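K.L.:
Sequence plus predicted model, see below.
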Amino acid sequence: MNEKNIIICRCEDVTLQDIYRLMNEGYTSFEELKRILRIGMGPCQGNTCGQLLQREIAKFLEVPLDQVKTQKVRPLTTGVKLKSIVEATKNER
Amino acid sequence: MNAEIVIIGAGISGVSIAYNLANKGVKNIVVFDSEYLTSGSTGRCGAGVRQQWGTKMNCLLAKKSVEFFEKAQEVLQYPRDIEFKQEGYLIVATNELEDEQFTKNVLLQQSLGIPVKKLTPLEAKQIVPHLNIDKIVSATYCKTDGHLNPFTMTEAYYLAAKRLGVTFYFHEKVTDIIVENNKIQKVITNKREVQTHKVVNAAGGYSKEVAKLANVDVPVFSENHEILVTEPIEKIQGPMVISFALNIYCQQVPHGSFIMGRSDPFMPHSHNIESSWKFLDEMAKTAVGLLPPLGELRVVRQWGGLYNISPDRQPIIGGTKELEGFYLACGFSGHGFMFAPMTGLLLSEIILEEPTTIDINELHLDRFKDGDFNAYETSVV
């Protein structure tokens, strides 16, 4: 299958070809790739692409999987509307 | 190994300084970063570029930097997109005191050639239709302010600097600066020793600690400023909207998501960059109050980054009298990203002992020695 037809990050539409290209330019960590490709920055926050990318980086660098860091996990766990947060804080004193 | 100049920090300031020096023909420039490109404050900033400041120095640094950003894509021959979008900053005044201050600010900005104007609340609403003008007394607007992608802008400088022969070492931390006879002799990292007589401190949130390695005291501190981003939607907002009194900045980036931040006046000085629920609560209330339709947007992620704050909230750019060959680019107080073109140009001129493009004696470290510096930047979120 053609690398440009293999989607790694569904949220931000990043393909395997995009990732190979950047790794060949020297960006071989999740955080570096994220900053340029937006991989892992969408609604699922890397929950889908995180392990896929970890595996691709490990293969590329020829290192064991456990030596490749996945994305930094940040709040929120799931998308929450701003107005829901406002509502939820209204009854607090 | 040896180096003509060692630059500490590969954020936007460090890469701009490296590029400008290399562009002037300096060879053997080495840049160290303890992590990776844009891993510090640059990669955590709000991605805004504005010229509406309260001090003359900040206005000039910003104006000349915007002039560079307008042609940066071509000058740096960057293959990706720096996403410079000039759709303005709308700064709203919510009380008479702010309104008076803004009238003064606009006069200063206009006198320096910045295309800013004062608006009534209704005029502001024409520019941002979903703005709640109930609490607004007036606004100021500069249409050439705007958005710039911190990651790609930094990479553009980085790639251009590399083409000009600059060497970068990432994941390599500077652990000591060796001084003998009041002259820098060596920079030591966790991996090597470099013989050099010139060091540039562009270490952002860690610039005080880096200066200490050379026994230079810099009166700056770092504090966490939090920020969040929403899911992307179709374009509804052109400019960045700011209120200093309400404590908010908020823009829709070209990608479609909204980025917003505010500061916490009780934040302790530290290098903590964790996220807090308190920020999320306050940010949601402030944003929905000022820009009500944003309430429908889901928050995708929040994070924090360091402001490196100086006593007058203007940057420290220049050499030091204490130590020959030691240069500072720090204390940007949250605005190092947007001043970077001038930071790089001016510091390269200072290092090469050329006349500077603008007079920046006011930005020298020595202004804090007797404690009677004249300016204080009030336009900071």
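P.N.:
Everything's here; your move. These numbers come from a predicted model, not from an experiment.
K.L.:
Near chain B, which residues of chain A are found?
P.N.:
Applying C-beta under 8 Å from any C-beta of the partner chain, we find that chain A lies next to chain B at A:29, A:31-32, A:35-36, A:38, A:41-43, A:45, A:74-76, A:79-83, A:85-86, A:89. All C-beta atoms are positioned from the backbone trio N, CA, C, and that covers glycine.
K.L.:
at 10 Å instead, please
P.N.:
A:11-12, A:25-29, A:31-32, A:34-38, A:40-46, A:72-76, A:78-90, A:92 (C-beta under 10 Å from any C-beta of the partner chain).
K.L.:
and the longest helix for chain A?
P.N.:
Longest helix of chain A, by residue count under DSSP state H: helix A:49-61.
K.L.:
Tell me the strands beside the next helix or strand after that one, with direction?
P.N.:
Note on helix A:49-61: by DSSP states H and E, the next helix or strand toward the C-terminus is strand A:80-81. Next to strand A:80-81 in the sheet, as set by DSSP bridges, lie strand B:298-309 (antiparallel).
K.L.:
Longest helix in chain B, please.
P.N.:
helix B:56-75.
K.L.:
in that one, what counts as buried?
P.N.:
Neighbour counts over helix B:56-75 (16 or more other C-beta atoms under 10 Å in any protein chain shown) mark B:56-66, B:68-69, B:72-73 as buried.
K.L.:
I'd like to know the phi and psi angles of residue A:84, please.
P.N.:
Phi and psi for residue A:84, reported as degrees, to the nearest 10, are phi -70, psi -40.
K.L.:
Which residue, other than its chain neighbours, is closest to the most centrally placed residue in chain A?
P.N.:
The centroid of chain A falls nearest to residue A:40 when counting by C-alpha atoms, centre = their mean (2.0 Å). Leaving aside its sequence neighbours, residue A:40 sits nearest to residue A:46 (C-beta to C-beta, 6 or more residues apart in numbering or on different chains; 3.4 Å).
K.L.:
pLDDT at the one you found, what is it?
P.N.:
Note for residue A:46: predicted pLDDT of 94.
K.L.:
Show the contacting residues for it.
P.N.:
A:9, A:11, A:30, A:34, A:39-40, A:52-54, A:70-74, B:301 (C-beta atoms under 10 Å, 6 or more residues apart in numbering or on different chains).
K.L.:
If we use 8 Å, what do you get?
P.N.:
The contact partners of residue A:46, taken as C-beta atoms under 8 Å, 6 or more residues apart in numbering or on different chains, are A:30, A:39-40, A:70-71, A:73.
K.L.:
Residue B:325 too?
P.N.:
Residue B:325 sits next to B:183-184, B:197-199, B:319 when contact means C-beta under 8 Å, 6+ apart.
K.L.:
Just the buried subset of those residues, written out for PyMOL, thanks.
P.N.:
For the buried members of the contacts of residue B:325, the matching PyMOL selection, counting by 16+ other C-beta under 10 Å, is:
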select buried, chain B and resi 184+197+198+199+319
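K.L.:
would CSV of the contacts of residue B:325 with secondary structure and distance to residue B:146 be doable?
P.N.:
Listed next are the contacts of residue B:325 as CSV, based on DSSP: H, G, I helix; E, B strand; the rest coil; distance: C-beta to C-beta, whole Å:
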residue, secondary structure, distance to residue B:146
B:183, strand, 44
B:184, strand, 39
B:197, coil, 40
B:198, coil, 35
B:199, strand, 34
B:319, strand, 33
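K.L.:
Please report how far the residue lying closest to residue B:30 once chain neighbours are set aside lies from chain A.
P.N.:
In space, and not counting its chain neighbours, residue B:30 is closest to residue B:3: 4.2 Å by C-beta to C-beta, 6+ apart. Taking C-beta to the nearest C-beta, to the nearest Å as the criterion, residue B:3 is separated from chain A by 21 Å.
K.L.:
Over to residue B:10?
P.N.:
From residue B:10 to chain A the distance is 12 Å (C-beta to the nearest C-beta).
K.L.:
try residue B:8
P.N.:
20 Å.
K.L.:
quick one: contacts for that residue?
P.N.:
Per C-beta under 8 Å, 6+ apart, neighbours of residue B:8: B:14, B:31-33, B:174, B:187, B:199-203, B:210.
K.L.:
please redo it, this time with the cut-off set to 10 Å
P.N.:
B:14, B:30-34, B:173-174, B:177, B:187, B:189, B:199-204, B:206-207, B:210-211, B:213, B:329.
K.L.:
Return the subset of those lying in helices.
P.N.:
Reading helices off the contacts of residue B:8 with DSSP H, I get B:14, B:207, B:210-211, B:213.
K.L.:
between those, which is nearest chain A?
P.N.:
Of all these, chain A sits closest to residue B:14, with 15.8 Å by C-beta to the nearest C-beta.
K.L.:
Now that closest one. Nearest residue, chain neighbours left out?
P.N.:
residue B:202 (3.9 Å).
K.L.:
which phi and psi does that neighbour have?
P.N.:
phi -120, psi 40.
K.L.:
Below-threshold pLDDT in chain B: ranges please.
P.N.:
By pLDDT under 70, chain B has no low-scoring segment.
K.L.:
any idea how it splits into domains?
P.N.:
Domain assignment for chain B by automatic domain parsing gives B:5-45+B:151-220+B:312-368, B:85-146+B:222-309.
K.L.:
Out of the ones you listed, which is the most enclosed?
P.N.:
Each of the domains of chain B was scored by mean neighbour count; the highest is domain B:5-45+B:151-220+B:312-368, a mean of 21, by mean count of other C-beta atoms under 10 Å in any protein chain shown.
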